[in-house]
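Participant: coordinates only, sequence not included:
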């Protein structure tokens, strides 16, 4: 059996990454991470490979990204300089660390439908015009959600408040389109 230092040579690492079928961007990032980890490179590689296999077993959509993010967090917990880890991260457009492939999330719309949001002051006035119980229910369900189950009464009040808002905002939307 090879010594851990010999297994982490570029050729040995390349061979292991090919056997595990790791995508090319993750290979490059892992190599930079291992170079950064220096004397902890063996532990770092072990962390990456273990998390990669666990993510595949769990059916993750992008196990390489999950393993890379977990390895980076492991390095951070080892008190290594976080500023030096920044170039190693895989980021999305918002600058956050990417764990899963990017997916465009859009609400379904009818063909040719225009999306128009109400003016903030109109929405604010419509919410203020709601009766107090409905306002509190909307606040509890949507603005400051808490974990746990909501009561049927609270959900019914929130639903009634949403229906009232829809009526008011629909009238406002029609009036805005006609002017």
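Facilitator: Nice, I can see it. Just so you know, these numbers come straight off a predicted model, no measurement behind them.
Participant: how many neighbours does residue 13 have?
Facilitator: 17 (other Cβ atoms under 10 Å). Heads up, the C-betas are built off the backbone N, CA and C, glycines and all.
Participant: helix or strand: which one has it?
Facilitator: helix 10-19 (DSSP states H and E).
Participant: which SSE is immediately downstream of that helix?
Facilitator: Scanning forward in sequence from helix 10-19 by DSSP H and E, the next helix or strand is helix 24-37.
Participant: give the buried residues for that next one.
Facilitator: 26, 27, 29, 30, 31, 33, 34, 36, 37 (16 or more other Cβ atoms under 10 Å).
Participant: before we move on, back to that, buried stuff in the helix holding residue 13?
Facilitator: In terms of neighbour count (16+ other Cβ under 10 Å), helix 10-19 has its buried residues at 13, 17.
Participant: packing partners of it?
Facilitator: Using 3 or more Cβ pairs under 8 Å, 6 or more residues apart in numbering; DSSP states H and E as the contact test, the elements touching helix 10-19 are helix 4-7, helix 24-37.
Participant: let's have the ones you listed in TSV, adding distance to residue 60.
Facilitator: Output for those, formatted as TSV (distance: least, Cβ to Cβ, whole Å):
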stretch	distance to residue 60
helix 4-7	25
helix 24-37	13
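Participant: mean confidence for stretch 161-176?
Facilitator: Stretch 161-176 shows a mean pLDDT of 79.
Participant: can you list contacts of that stretch?
Facilitator: 116, 118, 122, 123, 126, 127, 129, 130, 134, 135, 137, 138 (Cβ atoms under 8 Å, 6 or more residues apart in numbering).
Participant: report the buried members of those.
Facilitator: Buried by 16+ other Cβ under 10 Å: 118, 122, 126, 127, 130, 134, 135, 137, 138, out of these.
Participant: and which of these is nearest residue 42?
Facilitator: Checking those against residue 42 by Cβ to Cβ gives residue 138 as the nearest, at 54.3 Å.
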